[in-house]
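Peer 1: 3D model of this:
(one chain, ligands or ions: 1)
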Amino acid sequence: MASGDRTVSRSCAIKTETRPRGHLALWGLLLLLAGWLSGQSSEAAAQSSRPDDEITKLADDVYLFRHRFHQSIFITTPKGVIVTDPISLEAATWLKGEIKKLTDQPVRYVVYSHDHNDHITGGSVFADTAVFVSHAAARPKILEEADAKIPVPDLTFTDRLFIDLGGKRVELIYTGRNHSDNSLVVLLPQNKLLFAVDFIPIETVAYRALPDGYPDDWIESLKKVEQLDFETLVPGHGKVGKKEHARLFRGYLEDLRAAVQEQVQKGASLEEAKKTVRLPKYEQWQRYAEWFPENVEGMYRYLSERRKGQP
Ligand SMILES: [Zn+2]
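Peer 2: Take a look at the predicted model:
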């Protein structure tokens, strides 16, 4: 079934936001109905019926590229294309073909959001024309991986880097450690759009036990994001959000930290903390049931280690 879906989606992948809302509403209703009939959640129904690969136009020259559960943005200009996370070899190969349908211009830059290879594999597809860009701290990690499908960044930066191409300005900004120590954000000032991967989920709890994360720095990093001038927030997974979602997610991390800290100070064990800590305010968020206990675990381990480090 998946390969059939893929064939259909690959031939009609470009979607624009100009479609009538009624059409989308009806589609959503059908998905809900399908989910109800099959005993699945509406989310699961939506995921099983949607194509593997999809491109959605966000603005005149800005596109959202989704491959299964991962997504990135790309920008077309008269002087070339700027791609962000290539996601996988399969995804990037498909994307390259679709970009050729949109423009004669080559891909000039590939920007890695951070070093995690579920987002940046497949860049080799663009190596014939592109310069690869990342935060400086991502480079040694990518070098260590020695994966031919992940070209090593040619261009790195520590705080801020502007890419000016064909009249378009793309700002790469480092807001500190968060979900990794090298996550950058991509700001498109003309579009008031920000692309941020894995550290600002939209009304979704954090991924599992906060692997590779730095919770206190993460909160500070979100405060810096909140100071940037944008309206639309595009994450690396899930629905597109608004600037407000950065503040909401910071609130979640702060609430999680406070609740777990209380348990750590009481001397509760990890298991006790996982049983006790609940944040009802966020029960409606995606993945709460699955990942919240792991979020508690990640925060517990982090705060316990910190405590040990502070006599
Ligand atoms: Zn990641």
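Peer 1: tell me which residues of stretch 227-237 are tucked away?
Peer 2: With burial defined by 16 or more other Cβ atoms under 10 Å, the residues of stretch 227-237 counted as buried are L228, F230, T232, L233, V234, P235, G236, H237. Placement of C-beta: from N, CA and C, glycine included.
Peer 1: Sort out which one of the residues you listed lies nearest G123 for me.
Peer 2: G123 lies nearest to G236 out of the buried residues of stretch 227-237, by Cβ to Cβ, at 15.3 Å.
Peer 1: Quick check: S304 touching V264?
Peer 2: Yes - S304 is within contact range of V264, at 5.9 Å (criterion: Cβ atoms under 8 Å).
Peer 1: Those two: who's more crowded?
Peer 2: The neighbour count for S304 versus V264, taken as other Cβ atoms under 10 Å, is higher for V264 (18 against 15).
Peer 1: Hmm, that one is touching L303, no?
Peer 2: Yes - here V264 reaches L303: they are 4.8 Å apart, a contact under Cβ under 8 Å.
Peer 1: Name the residues of the stretch 1-150 of the chain found near the ion, please.
Peer 2: Counting by Cβ under 5 Å from the ion, the stretch 1-150 of the chain comes close to the ion at H116.
Peer 1: Please name the spatially closest residue to the residue of the stretch 1-150 of the chain found nearest the ion (chain neighbours excluded).
Peer 2: Nearest residue of the stretch 1-150 of the chain to the ion: H116, at 3.4 Å (Cβ to the ion). Counting by Cβ to Cβ, 6 or more residues apart in numbering, the nearest residue to H116 once its immediate chain neighbours are dropped is S180, at 6.6 Å.
Peer 1: ok, now P106?
Peer 2: Here the residue nearest P106, using Cβ to Cβ, 6+ apart, is T129, at 3.8 Å.
Peer 1: Around P153, how many other residues sit close by?
Peer 2: If you count neighbours by other Cβ under 10 Å, P153 ends up with 23.
Peer 1: Does it fall in a helix, a strand, or a coil region?
Peer 2: In the three-state summary, P153 is assigned as coil, counting by DSSP: H, G, I helix; E, B strand; the rest coil.
Peer 1: For it, which residues are in contact?
Peer 2: Taking Cβ atoms under 8 Å, 6 or more residues apart in numbering, we find P153 in contact with Y112, F132, V133, S134, A138, R139, I142.
Peer 1: So which of those wins on neighbours?
Peer 2: Highest neighbour count within the contacts of P153: Y112, with 30 neighbours (other Cβ under 10 Å).
Peer 1: surely that residue meets G123?
Peer 2: Yes - because the distance of 7.4 Å satisfies Cβ under 8 Å, Y112 is recorded as touching G123.
Peer 1: Now for the two: what residues contact both?
Peer 2: Shared contacts of Y112 and G123, defined by Cβ under 8 Å, 6+ apart, comprise F132.
Peer 1: coming back round to it: hmm, the residue nearest to P106 is touching V107, no?
Peer 2: Yes - applying Cβ under 8 Å, one finds T129 in contact with V107, separated by 5.6 Å.
Peer 1: So which of the two has more stuff around it?
Peer 2: Higher neighbour count among T129 and V107: V107, with 26 against 14, using other Cβ under 10 Å.
Peer 1: State the distance from the more buried one to P153.
Peer 2: As judged by Cβ to Cβ, to the nearest Å, V107 and P153 stand 15 Å apart.
Peer 1: Can you report how many residues lie near P215?
Peer 2: Taking other Cβ under 10 Å as the criterion, the count of residues near P215 is 22.
Peer 1: returning to that earlier point: what is the nearest of the contacts of P153 to L188?
Peer 2: Closest to L188 out of the contacts of P153 is V133 (15.0 Å), distances taken as Cβ to Cβ.
Peer 1: Which element, helix or strand, includes that closest one?
Peer 2: Taking DSSP states H and E as the definition, V133 sits inside strand 131-135.
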